[in-house]
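Participant: Below: sequence and its predicted model.
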Amino acid sequence: MRGRRRIRTAAATATAALLCAGALSGCTAGEPAAKTPEAGATPKPASTAPKAAPEPAPRPTSLWDASPASVAAVGDSVTRAFDACAVLADCPESSWATGTDTAVNSLALRLLGPEKVATRSWNLARTGARMAELPEQMAVAAAERPELVTVMMGANDACRATPDLMTPVADFRTHFETALARLRKDAPKAQVYVASVPSLMHLWSTGRVSPRGLEVWKLGICGAMLADAADLGAAAERRRAEVQDRVVAYNRVLAEVCAKDERCRYDGGAVFGFRFDTGQLSPWDFFHPSRDGQARLAELAYRRITEE
C-alpha cells in the first residue's frame, strides 16, 4: 500500500510539471495546487473597478507663431518684384512678401492687414543680390526687431554668365549659416521663413516657347541657363542640367541649415516645385514672376507660415 501511494504521488507530480510547461502563468512543479474554497464558502468577488486610462504623453510645445505681427523681407529681385509692373524696374508694391497691391495680396497684407503694412513690414531685398549679401541684409532686418523674416535668395548664385561662375555649394552654405547667426545675434526670437530657389529649368522650358522671350534672353538674362535657349543639343542640355543640379544642391543646403534652427521653416520645396505658366511670368523678361506669379508666391508662403 505504501508503495502504491509513492507511485500515485510521483505520477501526480509529473502531471503537474507537464501542465506548468504549457501554461502562460509560471508555476513550479511539485508545488501544491491553490486551495479551492470550502464547500458552502462564498467566493470573493472579482474586482470590478475600472482601470485608469493611461495619460497621453504631452505634445511638445511649438515655438512657432502662426500670426506674427511684423514682417521683414530679405532677398533678391523676386522679392523686389522686378519687372512685375514696369520694364527693368523694381515694383515693391507688387512684392509677394510686403507689397500693398491688393491683386497680389502679399504675405504682409494677409498677416497684418492693410492698415499695418506700411509701419510693420520692411522690404530689404536688393535686385541682383547673391547669398554672400544675405548676412548684411539680415543685420539690417534684425535692427527692426521683426517677428518674422522671409528669405528668398539663391537664384542669382546659379544665374551667372556661365556655370563655372556659379557660387560653390560650400560657400553658399557658409553664407547662409552666417546670415542666420547674424539675425540671432540681435533678434534671437525672430521667426524665419525660407523659400526654395525656383526651378530655373522649368522657367527655361516655359519661357522658350515665346519668340519674344527668346529675343529678350539674348540680352544676357541668366546666361548659364538661358543662353542659346533654342539649342536642344547635347552640350546645351548638359549645361542646363548642371545649373539645375546646383539649384537642387542650394535647396538642400537651405533645408538642412534651416532645420537646425527651431524658429526656422523651410517651404519644403514649394517654390521650386511650383510650375509657373506664361501668364505668371513677366511680359517683359519672361523670367521674373508677373503680378500673378507674385500672388502665387504669397499664397505658398502664407500657407506654410500659418500651418499649426
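Facilitator: Structure's in. What do you need?

Participant: Return the distance of stretch 268-276 from the chain's centre.
Facilitator: In terms of Cα atoms, centre = their mean, to the nearest Å, the centre of stretch 268-276 is set 11 Å apart from its chain centre.

Participant: Show me the strands in the stretch 1-150 of the chain, by range?
Facilitator: 71-75, 121-123, 148-152 (DSSP state E, counting those that start in this stretch).

Participant: cool, and the stretch 201-308 of the chain?
Facilitator: For the stretch 201-308 of the chain, the strands defined by DSSP E, counting those that start in this stretch cover 264-266.

Participant: Run through who's touching stretch 212-222.
Facilitator: Under the criterion Cβ atoms under 8 Å, 6 or more residues apart in numbering, residues 155, 158-159, 161, 200, 207-208, 226-227, 229-230, 284-287 lie in contact with stretch 212-222. Heads up, the C-betas are built off the backbone N, CA and C, glycines and all.

Participant: rerun at 6 Å
Facilitator: Outside stretch 212-222, the residues within contact range by Cβ atoms under 6 Å, 6 or more residues apart in numbering are Cys159, Gly207, Leu226, Ala229, Asp285, Phe286, Phe287.

Participant: wait, what's in contact with the last one?
Facilitator: It stands for Phe287. Leu203, Ile221.

Participant: If we use 8 Å, what do you get?
Facilitator: Phe287 is in contact with Asp83, Leu203, Gly207, Gly213, Trp217, Ile221, Cys222, Leu226, Leu281, counting by Cβ under 8 Å, 6+ apart.

Participant: can you check the fourth one too?
Facilitator: Ala229 sits next to Trp204, Gly207, Arg208, Gly213, Leu214, Trp217 when contact means Cβ under 8 Å, 6+ apart.

Participant: of these, closest to Glu262?
Facilitator: Nearest to Glu262, judged by Cβ to Cβ, of those is Trp204 at 36.9 Å.

Participant: these two touch, right, that closest one and Met225?
Facilitator: Yes. Applying Cβ atoms under 8 Å, one finds Trp204 in contact with Met225, separated by 5.4 Å.

Participant: So between those two, which is more surrounded?
Facilitator: Met225 (25 against 20; other Cβ atoms under 10 Å).

Participant: Now do the helix ranked longest in the chain: which elements does it pack against?
Facilitator: The longest helix of the chain (DSSP state H) is helix 234-259. Contacts defined by 3 or more Cβ pairs under 8 Å, 6 or more residues apart in numbering; DSSP states H and E place helix 234-259 against helix 155-158, helix 169-186, strand 191-194, helix 200-207, helix 223-226, strand 264-266, helix 270-273.

Participant: Swap in 7 Å and give it another go.
Facilitator: Counting contacts by 3 or more Cβ pairs under 7 Å, 6 or more residues apart in numbering; DSSP states H and E, helix 234-259 packs against helix 155-158, helix 169-186, helix 200-207, helix 223-226, strand 264-266.

Participant: for this protein, which spans come out with low pLDDT?
Facilitator: Residues of the chain meeting the criterion pLDDT under 70: 1-61.

Participant: can you do 90?
Facilitator: By pLDDT under 90, the low-scoring segments of the chain are 1-63, 308.

Participant: Can you tell me which of the helices and strands packed on helix 234-259 is packed in deepest?
Facilitator: Of the helices and strands packed on helix 234-259, the one with the most neighbours on average (mean count of other Cβ atoms under 10 Å) is helix 155-158, at a mean of 24.

Participant: Would you mind measuring from Ala224 to Leu148?
Facilitator: For Ala224, the distance to Leu148 (Cβ to Cβ, to the nearest Å) stands at 32 Å.

Participant: The residue nearest to Arg173 when sequence neighbours are not counted: neighbour count?
Facilitator: Among residues not flanking Arg173 along the chain, Val253 sits closest, at 4.7 Å (Cβ to Cβ, 6 or more residues apart in numbering). Neighbour count of Val253, defined by other Cβ under 10 Å: 20.

Participant: just Thr102 next, same as before
Facilitator: The local packing of Thr102 (other Cβ under 10 Å) involves 9 other residues.
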